[in-house]
Every structure is written in structure tokens, then in C-alpha cells.
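Asks: Need a 3D model of the following:
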Amino acid sequence: MGKATTASLTVSLPAYNEEHNIGAMIDRVRDQVGPLVDDLEIIVVDDGSRDGTADVVARIAAEDPGVRLIRHEVNQGYGAAVYDGVWAATKALVFFTDSDLQFTFEELPGFIARIAEADLVIGYRKSRSDPWFRRVFGHGWSWLVNLLFGYTARDVDCAYKLFRREVIETIAVESRGATFSAEFLVCARRAGFRVVELPVSHHPRVAGSQTGARPAVILRAFRELIRLRSRLRQSARVV
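Replies: Numbering: from 1, shown residues only. Predicted coordinates for the structure are as follows:
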């Protein structure tokens, strides 16, 4: 992949029990994303993993100053891990994706190229490589977010998002759970930021297990979504 632009970029990777994936993921970022930009920062947020995820990252960071580890002593949830990594970013462009190797960086040069005409370039999964119930919930969730807040995104929770630093300097996101991506995009659109959507590939998980489909996580997501709608309505009335 040739260099698409001259830029500084933070790649943020939330991780929970990804001991067997995180080393390979960091290598992919360095080998495949590094040549695309002049200045690369990698932030891994270990969200209270019970395995050796943090130890793997700490060993890599000790040898590579471009890699940073943020560690949650206890599991706080996916949204909290994404938030802490994204808002800790120091570069002009910020990109976040998952650490489970289900996404590659083949499409990233196109995302970087399109950021010249947008503030956010966000992905949607062309074909989601997840169990059927996760696919059904994902489609239903995006439909519900678009229904409640107006068109937000084709694939709200797709963990392949590139955006300018100005976005996180402008908006405030309160959710630290599964509603993080929905609130992030809703607030960005309402702030007037330009959004481009592009298709991305999605691959089967090769190691570890997913936690997003647990009933407790789903219930928390719906509660957060209701609170978000109420909060935005109150803000609109005040304005």
C-alpha cells in the first residue's frame, strides 16, 4: 500500500481478553498503516482483561515508544475503552478499530484519501462475519438509532472510523457502554461535521470470544439509548 497522504495518525485499539490477537494486531498497524502516514501513534486500551493482554502490550511498548498502553484495572465496557483511547489521541487524525483481527487495513488508504473532503469517514460492513443473532441485533440496532435520531449511519457500530481531531475537541460523549458509537455519530452530525460512509471487509474471529451479545450488555445499551434521546431533547428545548 502506497502513502495516501502526509498526516499524523493515532490508531486506537480497545482490547478485552485479546492476548492471542493483540500482538498480531499491533504488528499489522505498524507494518500496514505506518507507511501511509508520516507520524503514527498506537494506543491500546486494555479494559480490565483477565488474561495477558496488558502484558503483551507492555512488552511491545517498552521497545517501541510509538505504542502506548492505557489500562483499566477493572472491566468498564467497550464504550469506555474506545472513549479513553480516542480522547487520549495526540495526532491530527484519529482512527479506531477492534483488536480481534476481524478488520484489516486494506481499505484504510481510501479512507485517508476521502478525509480531505470530510470530517469523518466511517465504515459499514459489506458482509458481517458474525453469528446470525449478532447480525440481526446489529441491523436492528442501526435501524433503531436512525429511527430515533434521524439518519446516523448505515452500520452504526462498525468499528472502522477515521476522523479529524476537531471532532473530539468539539463534541462531548457521555456513554461508556454499547451506545458509545451511536452517541458519537449523532453528536458529530448534529454539530455539523461532514460524514462519508465506505464499505469495509469483515472477517471471522480467529481467537478469543465476543461479549457484546450478552443480555446484560444489550439491556444496558437500550437504557443508555433512552437516556441519550431524553438528554438531547432536553438540550434542544434549552437552546
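Asks: going forward, measure contacts between C-alpha atoms and count neighbours the same way
Replies: Fine.
Asks: What is the burial count for residue 163?
Replies: Per other C-alpha atoms under 10 Å, the neighbour tally for residue 163 reads 24.
Asks: Validate this expectation: it resides in a strand.
Replies: Yes - assessed by DSSP: H, G, I helix; E, B strand; the rest coil, residue 163 belongs to a strand.
Asks: That one and residue 96 touch, don't they?
Replies: No - counting by C-alpha atoms under 8 Å, residue 163 stays clear of residue 96, with 9.2 Å between them.
Asks: those helices in this structure, which residues are they?
Replies: 22-28, 53-63, 78-87, 108-114, 132-149, 165-170, 180-190, 215-238 (DSSP state H).
Asks: Which secondary structure elements does the third one sit against?
Replies: Helix 78-87 is packed against strand 8-15, strand 39-47, strand 93-97, helix 180-190, with contacts defined by 3 or more C-alpha pairs under 8 Å, 6 or more residues apart in numbering; DSSP states H and E.
Asks: Minimum distance to residue 199: which of the ones you listed has it?
Replies: strand 93-97 (14.2 Å; C-alpha to C-alpha).
Asks: can you list contacts of that closest one?
Replies: 7-14, 82, 86, 103, 159-165 (C-alpha atoms under 8 Å, 6 or more residues apart in numbering).
Asks: Now restrict those to buried residues only.
Replies: 8-14, 82, 86, 103, 159-165 (16 or more other C-alpha atoms under 10 Å).
Asks: would you turn the helices of the chain into a markdown table with mean pLDDT and distance to residue 34?
Replies: Shown next, in a markdown table, are these (pLDDT from 0 to 100; distance: least, C-alpha to C-alpha, whole Å):
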| stretch | mean pLDDT | distance to residue 34 |
| --- | --- | --- |
| helix 22-28 | 96 | 9 |
| helix 53-63 | 98 | 16 |
| helix 78-87 | 96 | 18 |
| helix 108-114 | 96 | 11 |
| helix 132-149 | 86 | 31 |
| helix 165-170 | 97 | 19 |
| helix 180-190 | 96 | 25 |
| helix 215-238 | 78 | 34 |
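Asks: For residue 42, find the nearest of these.
Replies: helix 22-28 (7.8 Å).
Asks: Give the other helices and strands that the closest one contacts.
Replies: Checking 3+ C-alpha pairs under 8 Å, 6+ apart, helix 22-28 ends up next to helix 53-63.
Asks: change it to 10 Å
Replies: Counting by 3 or more C-alpha pairs under 10 Å, 6 or more residues apart in numbering; DSSP states H and E, the packing neighbours recorded for helix 22-28 are strand 8-15, strand 39-47, helix 53-63.
Asks: my guess is residue 172 meets residue 166, correct?
Replies: No - Residue 172 is beyond contact range of residue 166, at 11.8 Å (criterion: C-alpha atoms under 10 Å).
Asks: Could you list which residues are in contact with residue 107?
Replies: 1, 123, 160, 198-201 (C-alpha atoms under 10 Å, 6 or more residues apart in numbering).
Asks: Taking those together, which two end up most distant?
Replies: Longest span within those, C-alpha to C-alpha: 1 and 123, 18.8 Å.
Asks: quick one on the thing from earlier: next, format the helices and strands packed on helix 78-87 as CSV and append distance to residue 133.
Replies: Output for the helices and strands packed on helix 78-87, formatted as CSV (distance: least, C-alpha to C-alpha, whole Å):
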stretch, distance to residue 133
strand 8-15, 22
strand 39-47, 25
strand 93-97, 21
helix 180-190, 20
